[in-house]
Every structure is written in C-alpha cells, then in structure tokens.
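Trainee: Structure for this input, please:
(chains A, B, C and D)
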Number of protein chains: 2
Amino acid sequence: MNADTNPFNRHFDHLETLADTIGESLRAPVTIEDAGHRLLAYSKHDPKTDPARIATIIGRRVPENVVGSLWRDGVIPKLMETDEPVRVRSIDEVGLGDRVAVSIRQNGRVLGYIWALEVERKLDDDALHLLKAAAEAAKIKLLRLQSQKRKEDEERRDLFWELLTDRHPSGPQAKTKAESLGIRIPDATAVVVVQFAADVEEALHQSIHYIVTSSRRVRPLLHVVSGSQLIVLTEASAGPRFEADASEFVGSLLRQLGERLANAPLAAGIGSVQEDAAAVGQSYREALALVRIKRQFPAETGAMTFYRELGFYRHLPYLVEQKKLHRYENAALKRLRAYDREHHANLVETLETFLARDGNAKEAADMLHVHANTLAYRLKRIAEIGGIDFGDVDQKITLYLDLKTDKWSGTTERL
Amino acid sequence: MNADTNPFNRHFDHLETLADTIGESLRAPVTIEDAGHRLLAYSKHDPKTDPARIATIIGRRVPENVVGSLWRDGVIPKLMETDEPVRVRSIDEVGLGDRVAVSIRQNGRVLGYIWALEVERKLDDDALHLLKAAAEAAKIKLLRLQSQKRKEDEERRDLFWELLTDRHPSGPQAKTKAESLGIRIPDATAVVVVQFAADVEEALHQSIHYIVTSSRRVRPLLHVVSGSQLIVLTEASAGPRFEADASEFVGSLLRQLGERLANAPLAAGIGSVQEDAAAVGQSYREALALVRIKRQFPAETGAMTFYRELGFYRHLPYLVEQKKLHRYENAALKRLRAYDREHHANLVETLETFLARDGNAKEAADMLHVHANTLAYRLKRIAEIGGIDFGDVDQKITLYLDLKTDKWSGTTERL
DNA sequence: TCGACATGAGAATCGGGGTACCGAAAGAGA
DNA sequence: TCTCTTTCGGTACCCCGATTCTCATGTCGA
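Mentor: Numbering: from 1, shown residues only, chains lettered A, B, ... in the order given. As a prediction, the model looks like this:
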C-alpha cells in the first residue's frame, strides 16, 4: 500500500477526525478505545449500530459484561498477541454484532483497539488492510495522548500527595494549583482510606479506578493507590446528609472491591470533613488512624466509618506508645496475669469480659458460660489479688484502657 | 586593746580552735552558731553547762523553743542591731541559764552568734571586751566558711538540676560527679515535688531546709526550691516498704510545711522509683505531672501520692492538648450543653454524676438530690438528645474522658 | 501409703434493694 | 388553653450479694 492509497498517511489534529476518516474509508461504524476499553473516539454519521456500541458510547467505556465475554471467547487475548485484524462473531447475549477489531500496539504493548462494525456490509480484505493502516496512524496519536495523560496523572498524583502531607501553606494556594490541573477543590473535603490485605498490584489499579469513579453518592476528586492502601479525596459537606452518603460510598467501595478483587479490602474509614484545602492532611491522618485501629479492634470498631466515631479509641496509638516508652505495666493486671499463669485460671479474661459488659455480672457470666455465682466469686478474687476496688470508676476505666492497650501492644508488632 | 592583749589576733585553722580559745580566755563555755542558729563550733572542757546548750550540741542546732523565747524576749532583735555583747537573763522554761551573746556582723548583716555561759562566774567588762574581739575574729572565719558553703550549695544545686533535666548521659557518670561533691547517689531514687500556692520567698528556704532534712522515714539527698515548688530527690527502694515510708514522708512534709508556713503547700507527689541516676528526670516529670493533675482534680486525685496511682488521669494533659489541637468537641456533649443552655436544664451535670457513680442510678439520684425516677427520666432524655447508648461501655468511657478533659481545659488557663 | 486438713473453685438458696414501667400531677411555653 | 416537659409516687420483677455447702486438688505428718 503506497502513500496515495493510504488515507491515514497525514496529520490528524484530533482522534475524532481519525475515527471519522476510518469510518468513511471502511464505510463502517468505528470506535477507538484505550487498553482499558475506555472510549477515546467514535465515528459519526453511523446509520446503524448495535446495543454494545451504544452502551459503550453512552458509558464512555465498553460495558463490563461485553469485555468479559470478549475475554471468555478469546478475542482480547488474540488481539493482544497480533497486529492483524481479528474478526469477531456476534455475541447476542451482550448485544454484540459482527465486527472486526485490530489492536494498536507498540513494542508488543497494547495501547488500544479499533473496532469496526459489520452492520452494513462484511469487510473485505482491502478493508482489513485499511484497518491495519489505521491502527498504525492511531498509534502515533495514542502514544502522544498517553504520554500527555501520564504527565497529567503524575501531576495530579503529586498534587494529591502534597495535599495529604500538608505541603501547601494555605487553602487558596492549594486550590489555585489544583485548578491549573483542571481540578476544582470544593469548600469541604474528606479523605477516605481503604486498607487491603497486601500491596495492590499495578494490574488492579484499573479496576479500582473504575470502582472509585463510578460512585454516585459522593464525588471523588482524587485518588491514589499507595502500597496496600487506596486513598480517596472526596467532596464533602457538613451534616448527616453527607454522613449517610459517605457511609454508603465507603460501604459500596468495600463491597465492590471485595467482590472483584482477590486482594480483598480489610477496612476503610473517613477522616473528618475539612473546610480548608490546606488541612487535607489532617483528614488523611485521621482516616489512617481509623483504619489502623479498626484492624486492631475489629470487634469493637468494625462498624465505624468516621474518625469521630472512634471515641477514646483514637488515643490508643498514643497510649501504646506511652506504655512502651515508660515501660508501664498496670500492677493489678500484672498480678492477675501471674495468678492466671500459676493457677491456670483466667481471671484476666473474666475481668475483661466483666468490664466490657459494663459491670453487668449476669451478662458477663453468660458470655463466659459460667454460673453467675462463679463470676461473683472470681470477681471477689480479682479484687483481692489485683487490689482492685470495683466501686471506683477511675480504677475500672484505667483497667479497661490498660487492657485495650495491652491487647494492641501484644499484637501490633506485625502491623 | 592592743595586739598583745588580744588573744584572737592570730590565725585559727578551725572554728573549733577559736571556740576553745574564747572559752579559755573567758573561762566560760562558748558556742558559735550561724545566722540560722545552727551549731558551728563549741568549746570543750566545759565543767558545767545548761540544758539549752546540751540540746543545741546534741541536735547541732539551737532548739526551736529556745530560739522562739529568745525572739519573744527581744534578745535576737537586739543582737541583730548591735555589735555589742548582750546580756541574757536565764529563761527557766527552756532550760536557758544566764549568758552573754554577741552577734558576728558584716555590714549590718548577721553572719552568726557567739554565746558565752555564765555558769561559773559572771563575765566582767574585760570579758565582754574579749567577747567583742572574738566576734571580730570569728567574722573572718565565718565569711570564708560562708563563701565556701555557698559555692558548694551552688554546685549541688547545679548537679540537681542536671539530674532533673537528664543532662547526664549515663548513671555512673552522674554518680561520679555527685561523689565529687560529697553526695552518694544510691541505687534507687525518686523525686518528690511539693507545690505551693505562690512563689516561696527566700526567707522561708531555711525553714523548708530544716523540715526536709529532719525527715526520719526517707533519706533526702538533694532538694531545691524553684518558684512555687519544692523539689526533693530521695533515696528509694522497690516494694511496699518504701511506699509506706515515702507516703509518710510526703504526708509529714505537707503537714509541717502547712503548719509553719503562711504560704501553705497545695499538693505533693512522688514520681516513679528510678534505678538509673540518669533517669531522675523521668521521676521528676512524673512528679510534676502528678502535682499538676492533683491540683486540677483534687476531688478525684487528692488522696494520691504516687504517679502510678494516677491511672488514666496521667494522660489528661495529652488529651487536653489533643482536644485543643484538633478543635475536638464531643458531639453528644455539645448537644447536651446546647439543651441545658436553652432549657435551663442540667443534663450534663446529671450525666457526669451518673457516670461518676458508675452507672448507679440510685446513688447518682441521691447525689443530685432528685428522685430516682427523675434521674431515670433524665437519662432517657440524655440518651435521646445526645444520641448516647448507655449500653455501650466505649461510649460511656469516651463521654467520661471527654467530660474530664473539658473540665480541665475549661479551667487550665490560670495554671 | 494413708487420712487429716487447708485451700481453691464453683453452685444453691434467699432476702433486700435497685430498676423498669406505668401513671398522675405540676410546671413551662406557645 | 393545650401540649410538652419534668417530676415523682407506686408496684412488680429481677438482679446482687451474702451465706453456706459441695467437690476437687494439694500438702502435710504419721
């Protein structure tokens, strides 16, 4: 094919122009997608089309089920291996008509795909040759687009980290910088952190991006995956309205991530709503603390979503640190532990349950599967051995906090 | 009186030698005291003497009651005004026989006193002249003694502050330095802090010194008055034995200081026992924190003596700091306060009492002088308005801590 | 090796007291 | 005047707490 017969051997200012040119040359509706099946451009003046294409254009992305069936049928794998056009038979279940696809590749790496529908006519060999030439032309555009996009992504990510680490001295300054990157920071924001069991592989970033951005209830402004955490900056507002929405958002995030990813999320939490863009870091630190504490005390804090719900638990990291720093150990607990060890008793567990049940002997007894009198007896022993006065609230609270602290510091090494 | 007839016109290597020389010249028992009536030297070979002198020599200090009666009789004031010998008539109640005293003065400032007893014979004018000359000779010795003592005191004080502020990198190093000042730092020490209502005037340091050093139960190593605080480093040991002694020591310190000083002590506390001399600062900071918290929560912590008794109260300064830093306010308490303000109710007080009484409705009702059912009703309202679940221990503890924190932060400005 | 004894652990019984629930009545505010 | 809030009396019920008893375990000395 020489230059005269290659209609794509010229400069295209927009990807849309290229799509139109391909469409006209092939006399077929054409869509151009990136490697993640997001719509980049599509030819206009298409007389006919199929449901899958409509859904793709409306959603600006190939529907998940279509992508899924294309994977199952081996179409995508085949496209990823060859530069040659691949003919795809219609798949009625997902509204996919006959079509031809060609991958846009660079050094074996897929940059995107061009799809040509065979709604009006079957594409002959000439058309397939044209399609291959079109892929070559699209490659140049996609490479430029990608490098541009990557640069923008990097700048956004840098901005996000700057916000998270409080690098901007003032809110307005941060907002100005954000606007130069096309991001409008609203009056109130909050940070969401989702903790995964292990580091999130690069391959999953795409799915996470999709799940985060497809949210309806709250508007995510920026997000980044860092190690085993997903961090999201969302628009916020004061009041229960936002709380409900945010709660719903985090819930659906966890659900969707859990369903689609093998590396399931363990916990998620939201920092306080900040009205100053320069205080995003505050919200971030709170969300981090929340997630950390939720992992440590799933039974106690598992249901919490917002930092302020933590109550005194938010001070636990400090208490643990102090305990280590001062080599502090509650004298009463020390004695009780020694007794437990020597007599194979479980006074500490009994005390813990009793305190957790708010001093309700009956409930605690039921919880421990012992007779109420047994519990009464044990409490008497605990008071004797530990030198504890159960009438003193302060002592009880001290014990409760020390028990929690010990629980944490005993297991926190792995974190 | 020329040089030949003045037996004191020579060098005395020790104050004792001077005392003996005076005694022999006057043929009378002689004692030399400093301005605080501490015994500096006394003549030997005294055939007779009186009970007051014996007590002075035994106690190395003029007994308090003797000093008191000398003040009342105007002897001391007179001595402070003149260089001339003053004749003192016997005061039988305190075992004081006839004697003559002369003050040792420098620029109108009293450095000490010489006392000569008239047990064997009345002192004639010649003897009084000799006594005046003796005072002149003693002045030289006392001035040197005082400058030397002051220097030692300063070095001791410096060492103490170095210990209190953890300036010594290692325990052995600190001990070596202490030994060079004649202080043996024992294996275990603890710091006691006594807080006064106002700054302690210079004039009271003497009395404080006496009270501290006259302790029997524990051995004070160093002490210093700093602003409105008295800081004492004491020998310590692990175990209940020391705890009882130390408790007794602090108790008697407070009692004696309270009795003798107009500027009464407000609180006192002991930091943890430290086995490393380089960790004295730790004990000091704990004692400081204890005293600070005891002042803030006298009802709750007034009976405490040791830092570890504080329980969770030891974290209150941090909690208050965090509250200010994060502008945190418990949402439930905020609503309850708003309700109290609008409806002239006292839900917060009710809640506080209920929590302080450990959820015992009857006791709390009695404390508030309301019917038990009234309290039950109020608690129902509190739960509604504040969104509190009284079945949740964590919520209750959070509320309790936040109430304490608010109480502190509301009044802490004056400290 | 045995029984006597002490101690620890748990269970049965029962009386007094605290709590939950209902309702009446007084007070405050619209 | 009506309604909501607040207080407090009455009552039934259940829980706690003290006492006592049983049973297992361990430790002596004979």
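Trainee: Could you report the neighbour count for residue A:6?
Mentor: 16 (other Cβ atoms under 10 Å in any protein chain shown). Yep, even glycine has a C-beta here, placed from its N, CA and C like the rest.
Trainee: contacting residues for it?
Mentor: residue A:133 (Cβ atoms under 8 Å, 6 or more residues apart in numbering or on different chains).
Trainee: mind checking which helix or strand it is in?
Mentor: Under the criterion DSSP states H and E, no helix or strand holds residue A:6.
Trainee: Could you do residue A:104 as well?
Mentor: Here residue A:104 is assigned to strand A:99-106, by DSSP H and E.
Trainee: Paired strands for that strand, with orientation please.
Mentor: strand A:86-88 (antiparallel), strand A:109-117 (antiparallel) (DSSP bridges).
Trainee: Chain neighbours aside, what residue packs nearest to the residue in the stretch 51-200 of chain A that DNA strand D sits nearest to?
Mentor: For the stretch 51-200 of chain A and DNA strand D, the shortest gap (Cβ to the nearest atom of the strand) falls at residue A:188, measuring 31.6 Å. Nearest non-adjacent residue to residue A:188, counting by Cβ to Cβ, 6 or more residues apart in numbering or on different chains: residue A:236, 4.5 Å away.
Trainee: neighbours of the one you found, just the number please.
Mentor: Neighbours of residue A:236 (other Cβ under 10 Å): 27.
Trainee: on that earlier part again, tell me who's in contact with the residue of the stretch 51-200 of chain A closest to DNA strand D.
Mentor: A:235, A:236, A:237, A:238, A:273, A:274, A:275.
Trainee: how close does it get to DNA strand C?
Mentor: Plainly put, residue A:188 is 32 Å away from DNA strand C if you go by Cβ to the nearest atom of the strand, to the nearest Å.
Trainee: likewise residue A:71?
Mentor: 58 Å.
Trainee: To which secondary structure element is that residue assigned?
Mentor: Applying DSSP H and E, one finds residue A:71 within helix A:64-72.
Trainee: residues in contact with the following helix or strand past that helix?
Mentor: Note on helix A:64-72: by DSSP H and E, the next helix or strand toward the C-terminus is helix A:75-81. With Cβ under 8 Å, 6+ apart as the test, helix A:75-81 has contacts from A:67, A:70, A:71, A:86, A:88, A:101, A:102, A:103, A:110, A:113.
Trainee: Residue of the stretch 51-200 of chain A closest to chain B, please.
Mentor: residue A:166 (13.6 Å; Cβ to the nearest Cβ).
Trainee: what residues are up against the closest residue to that residue other than its chain neighbours?
Mentor: In this structure, residue A:166 finds its nearest non-sequential neighbour in residue A:281, 3.5 Å apart by Cβ to Cβ, 6+ apart. Applying Cβ under 8 Å, 6+ apart to residue A:281 gives the contacts A:163, A:164, A:165, A:166.
Trainee: got the buried residues for stretch A:125-137?
Mentor: A:127, A:128, A:130, A:131, A:133, A:134, A:135, A:137 (16 or more other Cβ atoms under 10 Å in any protein chain shown).
Trainee: Would you mind putting those into a markdown table with pLDDT, distance to DNA strand C and secondary structure alongside?
Mentor: Formatted as a markdown table, those follow (pLDDT from 0 to 100; distance: Cβ to the nearest atom of the strand, whole Å; DSSP: H, G, I helix; E, B strand; the rest coil):
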| residue | pLDDT | distance to DNA strand C | secondary structure |
| --- | --- | --- | --- |
| A:127 | 92 | 79 | helix |
| A:128 | 94 | 79 | helix |
| A:130 | 93 | 80 | helix |
| A:131 | 94 | 76 | helix |
| A:133 | 93 | 80 | helix |
| A:134 | 94 | 75 | helix |
| A:135 | 94 | 74 | helix |
| A:137 | 92 | 76 | helix |
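Trainee: Residue nearest the middle of chain A, spatially speaking?
Mentor: residue A:230 (4.6 Å; Cα atoms, centre = their mean).
Trainee: Distance of it relative to DNA strand C?
Mentor: From residue A:230 to DNA strand C the distance is 44 Å (Cβ to the nearest atom of the strand).
Trainee: three-state assignment of the residue of the stretch 51-200 of chain A closest to chain B?
Mentor: coil (DSSP: H, G, I helix; E, B strand; the rest coil).
Trainee: Looks like it contacts residue A:279 (just checking).
Mentor: Yes: taking Cβ atoms under 8 Å as the definition, residue A:166 is a contact partner of residue A:279 at 7.5 Å.
Trainee: So for the two, which sits in the more crowded spot?
Mentor: residue A:279 (19 against 15).
Trainee: Can you classify residue A:184 as helix, strand or coil?
Mentor: Per three-state DSSP, residue A:184 ends up coil.
Trainee: hang on, isn't it packed against residue A:178?
Mentor: Yes: counting by Cβ under 8 Å, residue A:184 does reach residue A:178; the two are 7.0 Å apart.
Trainee: For these two, work out which one has more neighbours and name it.
Mentor: Set residue A:184 next to residue A:178 and count neighbours by other Cβ under 10 Å: residue A:178 wins out with 21 against 9.
Trainee: distance of the residue of the stretch 151-300 of chain A found nearest chain B from DNA strand D?
Mentor: Here the residue of the stretch 151-300 of chain A nearest chain B is residue A:300; by Cβ to the nearest Cβ that distance is 6.4 Å. According to Cβ to the nearest atom of the strand, residue A:300 stands 22 Å off from DNA strand D.
Trainee: In terms of pLDDT, where does the residue of the stretch 51-200 of chain A closest to chain B sit?
Mentor: pLDDT recorded at residue A:166 is 90.
Trainee: give the contact list for it.
Mentor: Contact partners of residue A:166, counting by Cβ under 8 Å, 6+ apart, are A:278, A:279, A:280, A:281, A:282.
Trainee: Using the three-state scheme, assign the second one.
Mentor: Just to be clear, that refers to residue A:279. Of the three states, residue A:279 takes helix according to three-state DSSP.
Trainee: Verify the stated contact: residue A:294 with residue A:254.
Mentor: No: Residue A:294 is beyond contact range of residue A:254, at 11.4 Å (criterion: Cβ under 8 Å).
Trainee: all strands for chain A, in order.
Mentor: A:30-34, A:39-42, A:86-88, A:99-106, A:109-117, A:189-196, A:220-226, A:229-235, A:265-270 (DSSP state E).
Trainee: Okay, angle between the strand holding residue A:104 and helix A:64-72 too, please.
Mentor: 80 degrees (axes from the mean of the first three to the mean of the last three Cα atoms, to 10 degrees).
Trainee: Show residues contacting strand A:99-106.
Mentor: So strand A:99-106 is contacted by A:32, A:75, A:79-80, A:82-88, A:110-118, A:123, A:127-128, A:131-132, A:134-135, A:138-139, A:142-143 (Cβ under 8 Å, 6+ apart).
Trainee: Kindly report the residues of the stretch 301-415 of chain A close to DNA strand D.
Mentor: A:360, A:361, A:362, A:372, A:373, A:376 (Cβ under 7 Å from any atom of the strand).
Trainee: Would you check that the second one makes contact with residue A:378?
Mentor: No: proximity of residue A:361 to residue A:378 does not meet the contact threshold set by Cβ under 8 Å, at 10.1 Å.
Trainee: Neighbour count for the two, which is higher?
Mentor: For residue A:361 versus residue A:378, the count of surrounding residues by other Cβ under 10 Å is larger for residue A:378: 21 against 14.
Trainee: follow-up on the earlier one: please identify the most buried of the strands paired with strand A:99-106.
Mentor: Counting by mean count of other Cβ atoms under 10 Å in any protein chain shown, strand A:109-117 has the highest mean neighbour count of the strands paired with strand A:99-106, with a mean of 22.
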